[in-house]
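> Sequence below, structure please.
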Amino acid sequence: MQTRRAVVVDPGTPGRLTIREVESPTPASFEALVRVSAISLNLGEVRRALTMAEAGWRPGRDIAGVVERAAADGSGPRAGARVVGLVPFGGWAELVAVSTSALAELPASVSFAQASTLPVAGLTALYALAKGGLLLGKSVLVTGASGGVGHFGCQLAQQAGARVVGSVRRPERVALVKDAGAHEVIVGEDLSAAAPLGPYQVVLESVGGSSLSSALTMLAPDGVCVLYGVSAGAEVTFDARRFFMIGGTNLYGLILFHEIKRQPASEGLAQLLNLVAEGRLHPPIEVEAPWTEVADVANRLYNRKIGGKAVLTVA
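Alright, predicted model coming up:
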């Protein structure tokens with residue numbers, strides 16, 4: 001049996017994550033085999049890895065590397081191509097099988113580290129903002145704006161000509177969000193401070209709880225609140241009458257792996273890569289370390305000690 005090294009959940013080890021030998025993947029005809037050079041961590045998968053009781057699960061969705069073997073059906077990038085890809089799980093490994101519908105080739109000027117930040121965070125921001133249609137001249141509110149999705153959301157909305165308001169919990173994150181393109185930044189747990197700067201045609205919401213409750217009352221007529229996370233809590237009480245009396249408002253639940261059924265990840269990744277190559281989109285990498293430090297970096301991300309993206313190099 002051929003093996004490769006991969007990050008595995010082990011509740012009995014310090015930090016709950018370790019690198020072990022696992023069976024090498026056998027790609028389907030529509031999958032390319034990618035030798036991974038960089039991975040990035042997302043809060044959702046880290047939370048699951050650090051809280052689950054069972055051992056053996058292999059986390060990881062964001063990968064960047066080199067195609068070792070092209071897909072047998074002839075689709076996707078050639079062998080030797082530098083690529084970025086999205087996988088459902090198991091991406092924190094030396095060798096990964098990736099559907100060619102979720103792979104995009106890197107421009108020469110884009111590094112593996114930059115590219116690895118794009119699949120989950122970049123695509124979520126891109127597809128969420130698309131729910132608002134043409135953004136030129138519109139007002140966009142981004143909660144959790146210092147996180148990966150929020151940071152990309154601020155940049156993409158500003159690039160599209162929107163007026164952007166970001167919300168963060170900590171004052172030390174204000175400069176990061178303003179650098180991302182936010183025109184105004186609200187600080188604290190109470191989102192109601194963003195109301196005087198509204199109403200908003202688009203809200204990107206990842207906090208849940210009272211944040212979502214407040215956001216729903218700040219929409220402009222025909223506005224949409226795109227919900228893709230509930231980091232502060234899934235239970236929500238809101239003023240339903242105030243919400244529907246605005247007129248034409250929508251609450252949209254976004255799950256990335258549902259969205260890519262409509263628009264392949266390969267297409268969205270290509271868009272994002274072009275923006276990075278043109279210098280118009282800047283991946284917010286706050287931590288870059290070898291993957292042997294995965295347990296430490298994952299725990300720091302889980303405990304909110306890292307804003308932006310954490311990238312690990314695989315060697």
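
> Looks like residue 118 contacts residue 62 (just checking).
Yes - if you go by Cβ atoms under 8 Å, residue 118 and residue 62 touch, sitting 7.4 Å apart. Where C-beta positions appear, they are placed from N, C-alpha and C, glycine not excepted.

> Pull up the overlap in contacts between those two.
residue 84 (Cβ atoms under 8 Å, 6 or more residues apart in numbering).

> These two: who's more crowded?
residue 118 (32 against 28; other Cβ atoms under 10 Å).

> mind listing what that one touches?
62, 84, 269, 272, 273, 276, 283.

> among the residues you listed, who's most crowded?
residue 84 (32 neighbours).

> Contact partners for the nearest residue to that residue once chain neighbours are set aside?
Closest residue to residue 84 apart from its sequence neighbours, by Cβ to Cβ, 6 or more residues apart in numbering: residue 115 at 3.9 Å. By Cβ under 8 Å, 6+ apart, the contact set of residue 115 is 38, 64, 84, 106, 273, 276.

> Inside helices: which ones of those?
273, 276 (DSSP state H).

> Just give me the closest of the contacts of residue 115 to residue 16.
residue 38 (22.0 Å; Cβ to Cβ).

> Show me what the residue lying closest to residue 291 once chain neighbours are set aside is bridged to.
For residue 291, ignoring the flanking residues on the chain, the nearest one in space by Cβ to Cβ, 6+ apart is residue 312 at 4.1 Å. Beta-bridge pairing of residue 312, defined through DSSP bridges, involves residue 39, residue 289.

> Counting neighbours, what do you get for the closest residue to residue 265 other than its chain neighbours?
Spatially, and ignoring its direct neighbours in sequence, residue 265 is nearest to residue 102 (4.1 Å; Cβ to Cβ, 6+ apart). As a burial measure, residue 102 scores 26 neighbours (other Cβ under 10 Å).

> residues in contact with residue 102?
With Cβ under 8 Å, 6+ apart, residue 102 has these contacts: 85, 86, 87, 119, 260, 264, 265, 266, 269.
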